[in-house]
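Asker: okay, structure incoming, though there's no sequence with it:
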């Protein structure tokens, strides 16, 4: 599970072959071109979690190996991890991929570069102009480079979906990208107005008759709500025992505190199933929330039994009826 730091926003160009209905005369979700995702499970602070992160299978250029990306809409950039991709190319080849004068440092202190010639392929969806994160990720041993086990190589960020429509079908573990919202999805989906910053969608959650804005972050799968202590205190059952987990946030160990939510939570008129709310005192994460003008993060937990539609073009967030 990763909760992201702020990244410099670059002007990327996405090569997107949109997901369009293969037969427009069939008003069915099955007539669209989907690509799959899987759930990553892990034990964190002694507790088992079966939906820690969403992983998407990906190919890189013409490399004859299988890779995965973490699907992370809380990141405004799509990353490729230096240690991992370096295992498949010679030093001079890697150097040719990097745009030297784009060298900078992210908020986690890691060196990053814009790239040219490195392309992710996810079914009919492709993404170039990846951000190379130096000295990050796993180095792959020579005898494991091309075995059947997929290698985790990076992050699929929100920049891929700029001016697009993203559909996430959680029950069937698949996703689809559209160039525009068609009549089928418009008919079956109830939308609320969203906000956007650096390509990331903020959605309104109403609790105790007050609306709060949360970044919809598929990289924050553990937390239905992750906020500051003040708001957390007003939302949770104060008589309940406080749960604690320590999770990794881009190489930094962060402690999170959780209790059951006592207030009803609404997205528009849709009541969401109550769950835990969490808070942290991490300075970097709280400064990120302030910079985004949000009360915190929400992620997959509220919607794992639903199909959702993220309209990045018109700043809408919808749940299929």
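Answerer: On my side now, so go ahead. From a predicted model like this one, the values you see are computed outputs, not experimental measurements.
Asker: model confidence for residue 126, exactly?
Answerer: At residue 126, the predicted lDDT confidence score is 94.
Asker: angles on the backbone of it, please.
Answerer: When quoted as degrees, to the nearest 10, the phi and psi of residue 126 stand at phi -130, psi 150.
Asker: how close does it get to residue 79?
Answerer: As for residue 126, its distance to residue 79 is 16 Å (criterion: Cβ to Cβ, to the nearest Å). Yep, even glycine has a C-beta here, placed from its N, CA and C like the rest.
Asker: more neighbours: the two, which one.
Answerer: residue 79 (25 against 16; other Cβ atoms under 10 Å).
Asker: isn't the more buried one up against residue 159?
Answerer: No. Counting by Cβ atoms under 8 Å, no contact exists between residue 79 and residue 159, whose distance comes to 10.3 Å.
Asker: any idea of the mean pLDDT for stretch 61-76?
Answerer: Stretch 61-76 shows a mean pLDDT of 97.
Asker: let me see the backbone angles for the residue nearest to residue 301 when sequence neighbours are not counted.
Answerer: With Cβ to Cβ, 6 or more residues apart in numbering as the criterion, residue 301 has its nearest non-adjacent residue at 4.1 Å, and that residue is residue 224. Main-chain dihedrals, residue 224, degrees, to the nearest 10: phi -60, psi -40.
Asker: verify the stated contact: residue 224 with residue 277.
Answerer: Yes. Between residue 224 and residue 277 a contact is recorded at 6.9 Å, counting by Cβ under 8 Å.
Asker: what is in contact with these two at once?
Answerer: Common neighbours of residue 224 and residue 277 are listed as residue 261 (criterion: Cβ atoms under 8 Å, 6 or more residues apart in numbering).
Asker: direction included, what does whichever strand or helix holds residue 113 pair against?
Answerer: Using DSSP states H and E, residue 113 sits in strand 111-114. Strand pairing for strand 111-114, using DSSP bridges, gives strand 104-105 (antiparallel), strand 131-133 (antiparallel).
Asker: any idea of the mean pLDDT in that strand?
Answerer: 98.
Asker: measure the residue lying farthest from the centre of the chain to residue 315 for me?
Answerer: Largest separation from the mean C-alpha position in the chain: residue 239, at 33.0 Å (Cα atoms, centre = their mean). As for residue 239, its distance to residue 315 is 39 Å (criterion: Cβ to Cβ).
Asker: residue ranges of each domain in this protein, please.
Answerer: The record's domain parsing of the chain by automatic domain parsing lists 29-161, 190-320.
Asker: now do the helices in the stretch 101-250 of the chain.
Answerer: 183-188, 229-235 (DSSP state H, counting those that start in this stretch).
Asker: figure out which of the ones you listed is closest to residue 108.
Answerer: The closest of the helices of the stretch 101-250 of the chain to residue 108 is helix 229-235. By Cβ to Cβ, the value is 23.4 Å.
Asker: residue 56 is in contact with residue 123, correct?
Answerer: No. Taking Cβ under 8 Å as the definition, residue 123 is not a contact partner of residue 56, at 9.4 Å.
Asker: common neighbours of these two, please.
Answerer: residue 35.
Asker: residue contacts, residue 181?
Answerer: For residue 181, counting by Cβ under 8 Å, 6+ apart, the contacting residues are 165, 309, 311, 313-314.
Asker: mark which of those residues are buried, thanks.
Answerer: 165, 309, 311, 313 (16 or more other Cβ atoms under 10 Å).
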